[in-house]
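> Just need the structure, nothing else, for what follows:
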Amino acid sequence: MWQRVRGWRGSMPGGSVGLRLAVMAMIDAVGTGAFLAVSVPFITRSVHLSEGNLGLGLTLSAAVALATAIPIGVLADRIGPKKVLVGVSLWRCACFVLYPFVQNLWQFLTVVCLLGLVDKAAAPMEQALVGQVTATEDRVRVVAILRSLRNVGFTVGALLGGIGLLIDTRAGYSAILLVNAASFAVLASLAARLPVLSAPAKSLRRRFSVSVLRDGSFLSFTGINAVLTMHMTLLSIGIPLWIVKHTDVSSALISPLVAVNTVLAVALQVRASRGTDTIAGAARALVWAGISLALCCLLLVAAPKLPVVLAVGVLLLAMVALTGGELFQSAGGWGGSYLLAAPGQEGVYLSVFWLGVAIQQIAAPVLVSLVVTTGTSGWVVLAALFAVCGLAAPAIGRWAQARADSRPQPDPTLAEAT
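The predicted model follows:
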């Protein structure tokens, strides 16, 4: 058994630290997956709030999260992403300990807004921490492996949450919520023990700086990446709605198609990340992402016009194209965001990068629903948008590279561990 563990450690980039990060990713994903499975039934069945009240709480939480993302990123540049991630995890643990005791609308709003304070901080802090605890040549591959493990963890968590759904009592839901709280406590403990390999030089640390908001090349990169992350909404809303409303294919096909996406994402994410450890490589990945997503849209246009058997085949090809777009976007986005962040300001840069994703998650459902309603012309316009964003990546990458080359380089003798 110990030989097998040592084999895993040797094959995992980053060695023992990479293995710890993998364990953290799995624990986090299992807890979150379980929570997502029971969150809506708990609020509507146990707390007896309406869908409108649920939507109000989630909207307020999202607004709070958008407002706090950049300040938390600035804080991370002062004290280090590891300390911030530990604090964020403990904060989330405390909130989920309170969650089972929610009895009315105001208590629900209070808890979800408290969660919103740190909701958009976890992802950039985790990415920034990977950059500090692993070697430069390993970090994109490590993040790719973590994403694959998270997909597995979400599935396991959803199955765990299914137990709570089967029990369908407040006690059952509360138990799942407390499991999620415990996962954040374990995550904080593991993060606190990670050894930091590199930290910004003292001369590059800022008391307060949002110069990222004046960095046009990075904001442009963040913008095209945000558009390409619409593959998430296509998967969850666009393709299911299109199948149900505009094709003769049974809605029972939706679950197998999602399963195809999950399996391919787990199996191919690491391979898709190869070569994205340079700005040119990251831009090239985004080009392929844009082309793949454009192809997915055009295949979806063809599905309603075909017999059912052929339509099923086309929808399967569309899902494969969507997954390709997802894999290339993820890899290119990670690689580029690491490389384009100003030294000493990785926390705030990555927070802005993930803020772009968050804004897309708010706007995309409306846009994709409009595309489905519009039909063929809507899909063609969306395909063009994906293609343009992907093809723009190399030019933005060269612009960003020129800006990055003009920055003062840190003196490694001044680096200080945190």
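> pLDDT on the one helix or strand residue 140 maps to, on average?
Residue 140 is part of helix 139-167 when elements are defined by DSSP states H and E. Helix 139-167 carries an average pLDDT of 88.
> For that helix, list every residue counted as buried.
Under the neighbour-count criterion of 16 or more other C-beta atoms under 10 Å, helix 139-167 has 139-155, 157-158, 160-161, 164-165 buried. Glycine gets a C-beta too; all of them are placed from N, C-alpha and C.
> Pop the domain breakdown of the protein in here.
By the assignment in automatic domain parsing, the chain contains the domains 10-197, 211-405.
> Distance from the chain centre to the last one, please.
When C-alpha coordinates are averaged (C-alpha atoms, centre = their mean, to the nearest Å), domain 211-405 and its chain have centres 12 Å apart.
> Give me the mean pLDDT for that domain.
Rounded mean pLDDT across domain 211-405 is 91.
> What are the boundaries of the helices in the stretch 151-300 of the chain?
170-192, 216-228, 231-233, 239-246, 254-272, 279-302 (DSSP state H, counting those that start in this stretch).
> now those helices in TSV, with mean neighbour count?
Formatted as TSV, these follow (neighbours: other C-beta atoms under 10 Å):
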stretch	mean neighbour count
helix 170-192	19
helix 216-228	22
helix 231-233	21
helix 239-246	18
helix 254-272	16
helix 279-302	23
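> looking at these, which is closest to residue 341?
helix 216-228 (7.6 Å; C-beta to C-beta).
> hmm, who's touching the closest one?
Helix 216-228 is contacted by residues 212-213, 286, 289-290, 293, 325, 329, 332-333, 336-337, 340-341, 349, 352-353, 355-357, 359-360, 385-386, 389-390, 392-393, 396-397, 399-400, 402-403 when judged by C-beta atoms under 8 Å, 6 or more residues apart in numbering.
> Longest helix in this structure, please.
helix 308-340 (DSSP state H).
> how big is the angle separating the helix or strand that comes right after that one from helix 216-228?
With elements assigned by DSSP H and E, the helix or strand that comes after helix 308-340 is helix 346-374. If you take axes from the mean of the first three to the mean of the last three C-alpha atoms, to 10 degrees, helix 346-374 sits at 40 degrees to helix 216-228.
> List the buried residues of helix 346-374.
Those would be 346-358, 360-361, 364, 367-368, 371-372, for helix 346-374 by 16+ other C-beta under 10 Å.
> just checking, what packs against that helix?
In terms of contacts (3 or more C-beta pairs under 8 Å, 6 or more residues apart in numbering; DSSP states H and E), helix 346-374 is packed against helix 51-79, helix 81-98, helix 122-133, helix 216-228, helix 231-233, helix 239-246, helix 308-340, helix 376-405.
> rerun at 6 Å
Contact here means 3 or more C-beta pairs under 6 Å, 6 or more residues apart in numbering; DSSP states H and E; on that basis helix 346-374 packs against helix 51-79, helix 122-133, helix 216-228, helix 231-233.
> Can you check what angle separates the third one from helix 376-405?
So the one you mean is helix 216-228. 150 degrees.
> just the angle between helix 216-228 and helix 308-340, please?
Helix 216-228 runs at 160 degrees relative to helix 308-340, counting by the same axes, to 10 degrees.
> C-alpha coordinates for helix 216-228, PDB please?
Extracted C-alpha coordinates of helix 216-228, given in PDB (Å, rounded to 0.1, in the frame of the first residue of the first chain):
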ATOM      1  CA  GLY A 216      -6.000  47.100 -20.500                       C
ATOM      2  CA  SER A 217      -4.300  44.000 -21.700                       C
ATOM      3  CA  PHE A 218      -5.100  42.000 -18.600                       C
ATOM      4  CA  LEU A 219      -8.700  43.200 -18.600                       C
ATOM      5  CA  SER A 220      -9.100  42.300 -22.300                       C
ATOM      6  CA  PHE A 221      -7.700  38.900 -21.600                       C
ATOM      7  CA  THR A 222     -10.100  38.600 -18.600                       C
ATOM      8  CA  GLY A 223     -13.000  39.700 -20.900                       C
ATOM      9  CA  ILE A 224     -12.500  37.200 -23.700                       C
ATOM     10  CA  ASN A 225     -11.900  34.400 -21.100                       C
ATOM     11  CA  ALA A 226     -15.200  35.400 -19.400                       C
ATOM     12  CA  VAL A 227     -17.100  35.100 -22.700                       C
ATOM     13  CA  LEU A 228     -15.600  31.700 -23.400                       C
END
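> So which of the helices and strands packed on helix 346-374 is nearest residue 241?
Taking the helices and strands packed on helix 346-374 one by one with C-beta to C-beta, helix 231-233 is closest: 10.4 Å.
> residue contacts, residue 100?
Shown in contact with residue 100 (C-beta atoms under 6 Å, 6 or more residues apart in numbering): 174, 177.
> err, residue 24, not the other one
187, 190.
> let's go with 7 Å and repeat that
By C-beta atoms under 7 Å, 6 or more residues apart in numbering, the residues touching residue 24 are 187, 190-191.
> Please report the distance of it from residue 150.
10 Å (C-beta to C-beta, to the nearest Å).
> Just give me the neighbour total for residue 76.
Residues near residue 76, counting by other C-beta atoms under 10 Å, number 26.
> Give me the phi and psi angles of the residue nearest to residue 149 when sequence neighbours are not counted.
Spatial nearest neighbour of residue 149, excluding adjacent residues (C-beta to C-beta, 6 or more residues apart in numbering): residue 25 at 4.8 Å. Taking degrees, to the nearest 10, you get phi -60, psi -40 for the backbone angles of residue 25.
> returning to that earlier point: show me what the helix holding residue 140 is packed up against.
helix 15-41, helix 122-133, helix 170-192, helix 254-272, helix 308-340 (3 or more C-beta pairs under 7 Å, 6 or more residues apart in numbering; DSSP states H and E).
> Quick one: the ones you listed as TSV, columns for distance to residue 279 too.
Below are the helices and strands packed on helix 139-167 laid out as TSV (distance: least, C-beta to C-beta, whole Å):
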stretch	distance to residue 279
helix 15-41	24
helix 122-133	15
helix 170-192	29
helix 254-272	17
helix 308-340	5
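> contacting residues around residue 288?
residue 328.
> Next one: residue 312 from residue 236, what distance?
From residue 312 over to residue 236 the distance is 20 Å, taken as C-beta to C-beta.
> again, but for residue 118
Residue 118 is 24 Å from residue 236, by C-beta to C-beta.
> Then residue 245?
For residue 245, the distance to residue 236 - C-beta to C-beta - is 15 Å.
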